[in-house]
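J.: With the sequence up front, the predicted model follows.
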Amino acid sequence: MRNYEDKVVCSLVEDTRVVVYVASSTSLVEEARHLHHTSPVATAALGRALTLAGIMGVELKEGQRLTLHIRCLGPLESILAQANSQGEVRGYVAQPSVFLPSREEKKLNVEEAVGKGSQLSVVKDLGLGEPYVGYVEMPRGGIAYDLAYYFTASEQLPSACSAGVYVGERGEVLSAGGFIIHTPLGTPSYVIETIENNISLLPSLSSLIWEGKTPEEITQELLASLSYQIVGEKKLCYQCHCSRERARRTLVLLGKEELKDLLTQEGRAEVNCSFCNRVYLFGDKELKELIEKGSK
Ligand code: ZN
């Protein structure tokens, strides 16, 4: 297995406002699979969402957070992928063991698992109170095309997106990656045509990364015959910041009566983090303390 470090590389096309992000995300998607025991099609869907969220996170400032939330009409039910400005991503899928036969050989059927017409929401918590929320009905369900549609329809920012996960025979992640290209209104048409042409010649992202291509090399192929500059890069990783203290606060939110029921029926409480599957256990002594605190 090629174990490259996950990262996003950001480039600008000269004399334009075109921004190109290319990411490799093999290790973080494998980490997600390992944590959530996802089936191949669930791994591919979650991996695509995590990769694209990770790329979008690069535009955030410290303390800000971005969430891609898909309410699926298909059997995955829902997908959540979160990213911050540090390149840390985390996420989960509601039904991780969904199995669907492939429609094409060797191609996982993400579109059907998510479902055409599902709702894709982009939630940007910029630390300014109410988060910004935009959403679209997904025209396809394969996630990347739908996100490009979101940028164009909801943010008036014409874009091209791609994301792919190559899953091995034992369900392991062999490679994963993605790109987002923003071509703001006013971009010269020859630049758009050149990029469109380059994209049409490009093999799938997951196969390029599987062959050992780096995000820099993929950028070169995407922007062939255009002048551009690489202006930054950021490492990506799977990271969950849950803690016992946060789990305790979740319990307090249940309310005194619910906690009392838990104490009498179970004698303890369990808080399970959906993002990393860590389990926080609270014994009867701690539960009693929480009930007393809550009654004040
Ligand atoms: Zn967690």
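T.: Arrived safely, thanks for sending.
J.: Now for the nearest residue in space to residue 260 that is not next to it in sequence, how many residues are close by?
T.: Distances taken as C-beta to C-beta, 6 or more residues apart in numbering place residue 291 nearest to residue 260, at 5.9 Å, with adjacent residues excluded. C-beta here means a position set from N, CA and C on the backbone, and glycine is covered the same way. Residues lying near residue 291 (other C-beta atoms under 10 Å) number 19.
J.: Helix, strand, or coil at residue 291?
T.: Following DSSP: H, G, I helix; E, B strand; the rest coil, we place residue 291 in the helix state.
J.: Return the residues in contact with it.
T.: 256, 259, 260, 263 (C-beta atoms under 8 Å, 6 or more residues apart in numbering).
J.: Quick check: of those, which lies closest to the ion?
T.: Of all the contacts of residue 291, residue 259 has the smallest distance to the ion: 21.6 Å, by C-beta to the ion.
J.: which residues of the chain score low on pLDDT?
T.: Residues of the chain meeting the criterion pLDDT under 70: 1-4, 105-106, 294-296.
J.: For it, what lies in contact range of the ion?
T.: Remark: the part of the chain in contact with the ion comprises 240, 242, 273, 275, 276, 278, using C-beta under 5 Å from the ion.
J.: Spatially, what comes nearest to the third one if we skip its sequence neighbours?
T.: Closest residue to residue 273 apart from its sequence neighbours, by C-beta to C-beta, 6+ apart: residue 242 at 4.2 Å.
J.: and the one you found, how many neighbours?
T.: As a burial measure, residue 242 scores 17 neighbours (other C-beta under 10 Å).
J.: was I right about it contacting residue 275?
T.: Yes - assessed by C-beta atoms under 8 Å, residue 242 is found in contact with residue 275 at 6.6 Å.
J.: can you give me the helices in the stretch 51-200 of the chain?
T.: With DSSP state H, counting those that start in this stretch, the ranges of helices along the stretch 51-200 of the chain come out as 110-114, 144-155, 189-201.
J.: Just name the most buried of the ones you listed.
T.: Sort the helices of the stretch 51-200 of the chain by mean neighbour count, taking mean count of other C-beta atoms under 10 Å, and helix 110-114 sits at the top with a mean of 26.
J.: what residues does it touch?
T.: 41-42, 44-45, 48, 70, 72-76, 79, 98, 100, 103, 138, 140-143.
J.: Just the buried ones from those?
T.: Among the contacts of helix 110-114, those classed as buried by 16 or more other C-beta atoms under 10 Å are 41-42, 44-45, 48, 70, 72-76, 79, 98, 100, 138, 140-143.
J.: where does the residue nearest to residue 273 fall, phi/psi-wise?
T.: Note on residue 242: its backbone torsions stand at phi -70, psi 160 [degrees, to the nearest 10].
J.: residues contacting it?
T.: 273, 275, 276, 278, 280.
J.: measure it to residue 78 for me?
T.: 19 Å (C-beta to C-beta, to the nearest Å).
J.: now do residue 34
T.: Remark: distance between residue 34 and residue 78 (C-beta to C-beta) = 20 Å.
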